[in-house]
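Q: my questions are about this predicted structure, shown below with the sequence.
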Amino acid sequence: MKGALFLAASLLFTGAVIADDDDDKQELGMAGLLSGSNKVDLPEVVLSVGEPLGGPWELKSGTYYEVEFTADGSGEIGLDISEFSRAVWIDEVVIEGLEIRPYGVESIEFDDAGTMEIGFVAVKPGKYTIRIPGSTGKTQKLDIEIK
């Protein structure tokens with residue numbers, strides 16, 4: 001019994017994985033969740049006055065995603081991402097080559113045309129929404145489900 005507990009604890013702390021016969025299982029590289037084999041690029045979200053945000057997204061918990069938010073400069077546009085950012089681990093936010101590594105993000109806003117890339121790991125299963133604050137239209141939000 002003690003030997004089995006010691007083995008389980010040592011595997012937990014060393015990060016070792018016991019292989020099983022599941023051929024569908026995706027193998028991760030040395031970087032684990034952040035390895036290239038675990039990365040998925042999401043469709044670009046284009047921010048333009050009166051245009052839909054896109055989606056919906058169906059994400060898998062434990063997968064690393066990157067998404068670009070691009071504003072066309074047609075107006076000042078912000079996004080409330082607070083609900084969503086509490087369900088993911090944000091690795092980085094990249095703006096014009098500058099990398100920011102935040103604990104979380106409440107909102108983002110574009111005053112002019114530009115692109116922002118956000119890399120994150122989906123963590124908490126559930127349904128979430130990214131929305132334009134103050135808008136009520138069905139297309140002015142992006143519905144997200146993490147499974």
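A: On my side now, so go ahead.
Q: for stretch 111-123, what is the distance to the chain centroid?
A: The chain centre lies 9 Å from the centre of stretch 111-123; the measure is C-alpha atoms, centre = their mean, to the nearest Å.
Q: so what touches that stretch?
A: Surrounding stretch 111-123, the residues in contact under the criterion C-beta atoms under 8 Å, 6 or more residues apart in numbering are 33-34, 59-73, 76, 87-96, 105, 108, 110, 146. For the C-beta atoms, the positions are set from N, CA and C on the backbone; glycine is no exception.
Q: the residue nearest the centre of the chain and residue 41: what is the separation?
A: Central residue of the chain (C-alpha atoms, centre = their mean): residue 120, 3.5 Å from the mean position. Taking C-beta to C-beta, to the nearest Å as the measure, residue 120 falls 12 Å from residue 41.
Q: quickly list what's touching both of the two.
A: Taking C-beta under 8 Å, 6+ apart as the contact criterion, the residues that touch both residue 120 and residue 41 are 65-66.
Q: residue contacts, residue 41?
A: Taking C-beta under 8 Å, 6+ apart, we find residue 41 in contact with 65-67.
Q: which of the residues you listed are buried? Put it as a PyMOL command.
A: To isolate the buried ones among the contacts of residue 41 in PyMOL, judged by 16 or more other C-beta atoms under 10 Å, type:
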select buried, resi 65+67
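Q: and of the contacts of residue 41, the nearest to residue 53?
A: The shortest gap between residue 53 and any of the contacts of residue 41 belongs to residue 67, at 11.4 Å (C-beta to C-beta).
Q: tally of neighbours for residue 95?
A: 14 (other C-beta atoms under 10 Å).
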